[in-house]
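**Q** Return atomic coordinates for the entry below.
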Amino acid sequence: MNVAQHHLPPIPGDQIKGVKVTNLGSRVFHEEIATMKDPWDAKFIGSRRRRVTWSGRCGPDFQALRNGYISITPLHVDLTNYKLLEVVRKWELGK
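**A** Next up, the predicted model:
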């Protein structure tokens, strides 16, 4: 399945600089365990997101957004590990 995802920068439309075709970036959420209170003032233990770290190769989507561009990233879904496909085919399965 092939699709393209698009993201709009969080700025007014008249400030958008253009459109960039981008790579997919990735983000890591850094969390901590903390004691918090619910709306009724009861305490509970939960995780709280402290910050997000972004990474990606040259031209990632998040960088285009930061710079005021619309980001378009072509995607495809295929999780097959092609390097191991022939190895697994050689296994004696069900013989």
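**Q** What segments of this structure are strands?
**A** Here the chain has its strands, by DSSP state E, at 2-7, 18-21, 26-37, 43-55, 69-76.
**Q** Reformat those as TSV; add mean neighbour count.
**A** The way it works is simple: take the backbone N, C-alpha and C, and place the C-beta from them, glycine included. Converted to TSV, the strands of the chain look like this (neighbours: other Cβ atoms under 10 Å):
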stretch	mean neighbour count
strand 2-7	11
strand 18-21	13
strand 26-37	10
strand 43-55	10
strand 69-76	16
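**Q** Could you tell me the per-residue confidence at the most centrally placed residue in the chain?
**A** The residue lying closest to the centre of the chain (Cα atoms, centre = their mean) is Ser26, at 4.3 Å. If you check Ser26, the pLDDT there is 74.
**Q** measure it to Leu75 for me?
**A** 13 Å (Cβ to Cβ, to the nearest Å).
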